[in-house]
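A.B. asks: Sequence and predicted structure, then a few things I'm wondering about:
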Amino acid sequence: AQLVESGGGEVQAGGSLRLSCAASGRTLSGNGMGWFRQGPGKEREFVAAISWSGGAKLYADSVKGRFTISRDNAKNTVYLQMNSLKPEDTAIYYCAADRSPGPTSSPGLMDFWGKGTLVTVSS
């Protein structure tokens, strides 16, 4: 089983990007899913999480009102819509599958991870 992120790139401050995380080799319909990020010189931090049904969501305070997490279980894919991007959002963004139905913000409870996609926001 693997997770593959896509949709990263370079954007100017105030712009938008939509990240996707596609799973292969297994279904994610029973798992919560999360997005995490690691900026230059920083530790990995929680961004957003969604329950297996999509009915419950969590967001880091730093992205509330700007980012939206969603999922399409029929496509085995999770999304992160990022609006009003800021230079401090620059990071490698990782998706991860939760061991539980979720949502959870704890990286220690994630079962497996993608390799990440780079988002660069220029001022």
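C.D. replies: Sure thing, it's come through.
A.B. asks: so which helix or strand takes in Phe46?
C.D. replies: Using DSSP states H and E, Phe46 sits in strand 45-50.
A.B. asks: What pairs with that strand, parallel or antiparallel?
C.D. replies: strand 33-38 (antiparallel), strand 57-59 (antiparallel) (DSSP bridges).
A.B. asks: Not counting sequence-adjacent ones, nearest residue to Ala23?
C.D. replies: Using C-beta to C-beta, 6 or more residues apart in numbering and skipping the chain neighbours, the partner closest in space to Ala23 is Asn76 (4.6 Å). Just so you know, the C-beta spots here come from the backbone N, C-alpha and C atoms, and that holds for glycine as well.
A.B. asks: ok, how many other residues are close to that neighbour?
C.D. replies: 17 (other C-beta atoms under 10 Å).
A.B. asks: May I ask you to confirm that it is in contact with Ala22?
C.D. replies: Yes - counting by C-beta atoms under 8 Å, Ala22 is a contact partner of Asn76 at 6.5 Å.
A.B. asks: show me the contacts for the closest residue to Gln81 other than its chain neighbours.
C.D. replies: Excluding the flanking residues, the one nearest Gln81 by C-beta to C-beta, 6+ apart is Thr68, at 4.4 Å. Neighbour list for Thr68: Ala48, Leu80, Gln81, Asn83 [criterion: C-beta atoms under 8 Å, 6 or more residues apart in numbering].
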